[in-house]
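In: Okay, sequence plus prediction incoming.
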Amino acid sequence: MEDLLILVDTQDRQIGVAGKLHAHQQGLLHRAFSIFIFDHKRRLLLQQRADAKYHSPGLWTNACCGHPRLGETILDAAKRRLSEEMGMACELSQRFALIYNEPVPGGLTEYEYDHVLVGESAMDPIANPNEAKAWRWVHPEELYDELNNFPETFTVWFRTIVQRVDLSEMASWAAPVPQPPKTLPANRFRQKADPFHLPDWLEKAVYPLHPLANEAQQHTRQWLRNLGLEDSPETIRRLDIYIPGTFAGYMWSNVSSEILFIASDLLGWFCCQDNLTDEDCTDPESLERQLRGIYNHAFTPNTTSRQPLAVGLADIIRRAGRLMSPLWKQRVGEQYLAYLAPCLVTLMHRAQGTQPGVEGYESLWQNAGGFQVCLEFIYLAQNIQLPSAVYYSPAWQELRSLALNLLKSVNDLLSFRMMENPDEDIYNLVTHLRHTQGYSPEQAALEVSHRIDQWARRFMSAQTLLPGRLAASGYDERAQERAMLCAQALHDQWRGNIAWHLMAPRYQSVRFAG
């Protein structure tokens, strides 16, 4: 008797059943699972599908895949199938779920709501020859060349999952997800000789770069010269090591050239505006007047300014605004205003030789780098304006907050050592932990790296759960789809920010002397 598959909607809600072959012939969305097994050496188990399989015979793939039966949970089905195929038993936990729709040999289609589960085993498999003709253990990062040169030797779902999470990120699945400690044991701060590093799975990942990044860089430098913003050797030096076109190319790696150039100009503009708020700035009244003048010229019809920074931001908003609704422009303006307070608070602390306390720090810290303005440009990149009910929903605001944490903390960790006096940057999280928690620079750096690891994992979990949370709140499938597109853009943006920080000349020098 042919197995029955559980047909589902895009929220994994059961809507019917169908025979296995019929479901694959008609491309019907059905519930499935993919299991990834690691050994104690952090190697991944691969199986080569048996030649008698009804599709994708002889291809390499993850340890085990399958479909739950009616009335069977994903976890029970996964354990059953792992035993049937590979003769293995171990604890499993779900990492995430994804939907993919891809053709497979034989005129069939794999359209699956796929639950990805992870487990660890100290035993080699005892493969069922009807299911797997061979197996091997391999470290995930050793598969790059094989997947690039011989992709046709792997199943489509394995390649799809690798595209989603990257092999270096997959390698991190071998270890249990760490939980934030209630206290900080002393030996935790002796894990690495150099603590000023991101978690390995993020630092070693491969990040896509927009093919027009160099063109964006050239465009932005000419645009800044036309505005008169390349007006000093120091500004030119900053732009040379800031490379805004490359920054934009990592954070918006798959947008049109028009949007890439707008994003590159925005990042180049922020590089120039940094001159307003650096350690040479001493007059709070002048700084507030200039920042408000920039806001008024870019976001209100009430003023006309010849000040290059004001003209530059107004030009960016005008070009982007042609593609978006007036509400988008208003939201960007609100985020720019949120940038004003941290700039002025920083100046006051610098003038008085003080550091901020813990209370109220987080909100100002998130907005201190201007990243919240850049974040609003993901909607431009996706050509989506989230409705207010979604934009301000708890589910979306959690994702947005986690993305801001990641954007800011990566910058803080990797910029700390390039500053001669990090105490000048009071909204650097490493500096803050030194002054409020009594940490050494090394201890503070390890703590920030730990938080980055936790925030990244929480983001990916929240991203996976977003459709279900929105559905539970009554949002229709169209709203969920638009939110998921924006969530992926958020994910790409904070990961692209990591890529730029790891390669930009700006962050290669070490000036902090302790």
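Out: Received, thanks. Numbering: from 1, shown residues only.

In: Now do the contacts for residue 92.
Out: Listed by C-beta atoms under 8 Å, 6 or more residues apart in numbering, the contact partners of residue 92 are 35, 75, 78, 79, 82, 117, 118, 119. Heads up, the C-betas are built off the backbone N, CA and C, glycines and all.

In: Filter those residues down to the buried ones.
Out: Among the contacts of residue 92, the ones that count as buried by 16 or more other C-beta atoms under 10 Å are 35, 75, 78, 79, 82, 117, 118, 119.

In: Tell me which of the contacts of residue 92 fall in strands.
Out: If you go by DSSP state E, these have 35, 117, 118, 119 in strands.

In: list the helices and strands the host helix or strand of residue 502 packs on?
Out: Using DSSP states H and E, residue 502 sits in helix 477-503. If contacts are counted by 3 or more C-beta pairs under 8 Å, 6 or more residues apart in numbering; DSSP states H and E, helix 477-503 sits against helix 200-203, helix 244-251, helix 371-375, helix 377-382, helix 388-391, helix 394-415, helix 441-472.

In: domains for this protein, by residue range?
Out: 4-174, 186-507 (automatic domain parsing).

In: chain center to the shortest one, what's the gap?
Out: In terms of C-alpha atoms, centre = their mean, to the nearest Å, the gap separating the centre of domain 4-174 from the centre of its chain is 24 Å.

In: count of neighbours near residue 169?
Out: Other residues within reach of residue 169 by the criterion other C-beta atoms under 10 Å amount to 19.

In: That one and residue 457, how far apart?
Out: Note on residue 169: its distance to residue 457, by C-beta to C-beta, to the nearest Å, is 10 Å.

In: Repeat that for residue 273.
Out: Remark: distance between residue 273 and residue 457 (C-beta to C-beta) = 33 Å.

In: One more: residue 387?
Out: In terms of C-beta to C-beta, residue 387 sits 29 Å off from residue 457.

In: Pick out whichever of those two has more residues nearby.
Out: The neighbour comparison of residue 387 against residue 457 (other C-beta under 10 Å) goes to residue 457, with 17 against 14.

In: Verify the contact between residue 293 and residue 313 for me.
Out: No - using C-beta atoms under 8 Å, residue 293 is not in contact with residue 313; the gap is 10.5 Å.

In: Of those two, give the one with the bigger neighbour count.
Out: Neighbour count, other C-beta under 10 Å: between residue 293 and residue 313, residue 313 has more, with 23 against 15.

In: Looking at the buried ones among the contacts of residue 92, which is nearest residue 215?
Out: Checking these against residue 215 by C-beta to C-beta gives residue 118 as the nearest, at 40.8 Å.

In: measure the closest one to residue 102 for me?
Out: Computed as C-beta to C-beta, the residue 118 to residue 102 distance reads 22 Å.

In: try residue 61
Out: For residue 61 relative to residue 102 (C-beta to C-beta), the value is 13 Å.

In: Mutual contacts of those two, please.
Out: residue 157.

In: which residue ranges form the strands in the protein?
Out: Using DSSP E, strands in the chain cover 4-8, 14-19, 30-38, 44-49, 60-62, 64-66, 92-104, 108-120, 132-138.

In: Out of those, the one nearest residue 486 is which?
Out: Nearest to residue 486, of all the strands of the chain, is strand 92-104, at 16.7 Å by C-beta to C-beta.

In: buried stuff in the closest one?
Out: 92, 95, 96, 97, 98, 100, 104.

In: just those residues now: which is nearest residue 21?
Out: Using C-beta to C-beta, the buried residues of strand 92-104 come closest to residue 21 at residue 104, 12.3 Å.

In: could you dump the helices and strands packed on helix 477-503 to a markdown table with mean pLDDT?
Out: Listed next are these as a markdown table, based on pLDDT from 0 to 100:
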| stretch | mean pLDDT |
| --- | --- |
| helix 200-203 | 85 |
| helix 244-251 | 95 |
| helix 371-375 | 94 |
| helix 377-382 | 94 |
| helix 388-391 | 94 |
| helix 394-415 | 95 |
| helix 441-472 | 90 |
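
In: Compare those and give me the one nearest residue 490.
Out: helix 394-415 (4.7 Å).

In: between the closest one and helix 477-503, how many degrees?
Out: 0 degrees (axes from the mean of the first three to the mean of the last three C-alpha atoms, to 10 degrees).

In: Please name every helix or strand in contact with helix 394-415.
Out: When contacts are defined as 3+ C-beta pairs under 8 Å, 6+ apart, helix 394-415 sits against helix 361-366, helix 371-375, helix 429-437, helix 441-472, helix 477-503.

In: for it, which positions count as buried?
Out: So, applying 16+ other C-beta under 10 Å, buried residues of helix 394-415: 395-396, 398-415.

In: ok, residue 294 to residue 282 distance?
Out: Taken as C-beta to C-beta, the span from residue 294 to residue 282 is 19 Å.

In: Spit out the contact partners of residue 230.
Out: Residues near residue 230 by C-beta under 8 Å, 6+ apart: 221, 224, 236, 239.

In: Which residue comes closest to the last one once chain neighbours are left out?
Out: By that I understand residue 239. Of all residues not flanking residue 239 in the chain, residue 271 sits nearest, at 5.9 Å (C-beta to C-beta, 6 or more residues apart in numbering).
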